[in-house]
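[1] whatever this is, show me its structure:
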Amino acid sequence: MGGVLAATLAACGTSATPAAGAGSTSLHGTVTVLAAASLTESFDQLTKDFEAANPGVTVATSYGSSATLVQQVDNGAPASVIALAGTAAAAPLDKSMVKDTRTFATNTLEIAVPPSNPANITSIDDLAKPTAKVVLCADTVPCGKAAQATFTKAHLVPHVVSKEVDVKATLAKVKLGEADAAVVYHSDVVAAKGSVKGIEIPPNLNTSLTYPVITLSDDPAARAFVAYLLSAKGLATVQSFGFGAP
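    As a prediction, the model looks like this:
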């Protein structure tokens, strides 16, 4: 197993070689990026833009619940960079693997309902109605923990019919008409582009998450990807999908 993993990691390595311009470099190789499910649309765009600017580099992205991604890295899954929903999600990560950690975004919760809003959900209080079919993220993932924190502040028990593996699976229940409401991130409502309607949660009840990007490799291309993410252009791209400034 160790040999296979080493070979896989070697295959994901990068190198910097001189380019045509004096003093410039040309990056080559693969950057393996694991990112929270809520980052899907923004990181897809970042990847496209970064690869266009660095044609010798391929960015391999994989999305999922932050808790699952950290577990995968701890168990030996190859990764150059990991981006998580909330700093708490990084706590179980093997610190000996971490090269650098930077904050790049923030996010808040929002209620997503179908555009027709059949259950007439107009506020967080309506999630407690016994006729409302509410879907949340699983308690073990950041969006689920954040939702529970918000409900505690609101002294409210929602009428939950299911809990899903990550925020995209949670939102999908509303998109498919299988739920009246879901508690997701504001960025997910923005990324849904009208396929759901957002109901704001008051700031005094809402829960905010800070998103860290963690560099796990010294490879030049991996560091260049993180630098691009943290650049003015990269941050603007992330924020265009509904995320807040770091």
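[2] quick one: buried residues of the host helix or strand of residue 102?
    Using DSSP states H and E, residue 102 sits in strand 100-113. Along strand 100-113, these residues count as buried under the neighbour rule (16 or more other CB atoms under 10 Å): 104, 105, 106, 107, 108, 109, 110, 111, 112, 113. The C-beta positions use only the backbone N, C-alpha and C, and glycine is treated the same way.
[3] helices and strands around that strand, which ones?
    helix 142-154, helix 167-175, strand 181-185, helix 186-191, strand 197-200, strand 208-215, helix 220-230, helix 232-239 (3 or more CB pairs under 8 Å, 6 or more residues apart in numbering; DSSP states H and E).
[4] residue 59 is nearest to which of those?
    Among those, the nearest to residue 59 by CB to CB is helix 220-230 (6.4 Å).
[5] about what we covered before: can you tell me which of the buried residues of strand 100-113 is nearest residue 244?
    residue 106 (3.8 Å).
[6] the closest one against residue 206, yeah?
    No. Using CB atoms under 8 Å, residue 106 is not in contact with residue 206, being 11.4 Å away.
[7] where does pLDDT dip in the protein?
    1-25 (pLDDT under 70).
[8] after the strand holding residue 102 comes which helix or strand?
    Following strand 100-113 in sequence, per DSSP H and E, is strand 134-137.
[9] for that next one, packing partners?
    Under the contact rule (3+ CB pairs under 8 Å, 6+ apart), strand 134-137 is packed against helix 142-154, strand 160-164, helix 167-175, strand 181-185.
[10] most tightly packed of those?
    Among the helices and strands packed on strand 134-137, strand 181-185 has the highest mean neighbour count (mean count of other CB atoms under 10 Å), at a mean of 29.
[11] between it and strand 160-164, how big is the angle?
    Orientation check (axes from the mean of the first three to the mean of the last three CA atoms, to 10 degrees): strand 181-185 against strand 160-164 gives 40 degrees.
[12] related to what we said a few turns ago, quick one: the strand holding residue 102 to helix 167-175, angle?
    10 degrees.
[13] would you mind giving the domain segments of this protein?
    Listed by automatic domain parsing, the domain ranges of the chain are 2-106+210-239, 107-208.
[14] how about JSON lines for those domains, with distance to residue 246 added?
    Converted to JSON lines, those look like this (distance: least, CB to CB, whole Å):
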{"stretch": "domain 2-106+210-239", "distance to residue 246": "4"}
{"stretch": "domain 107-208", "distance to residue 246": "11"}
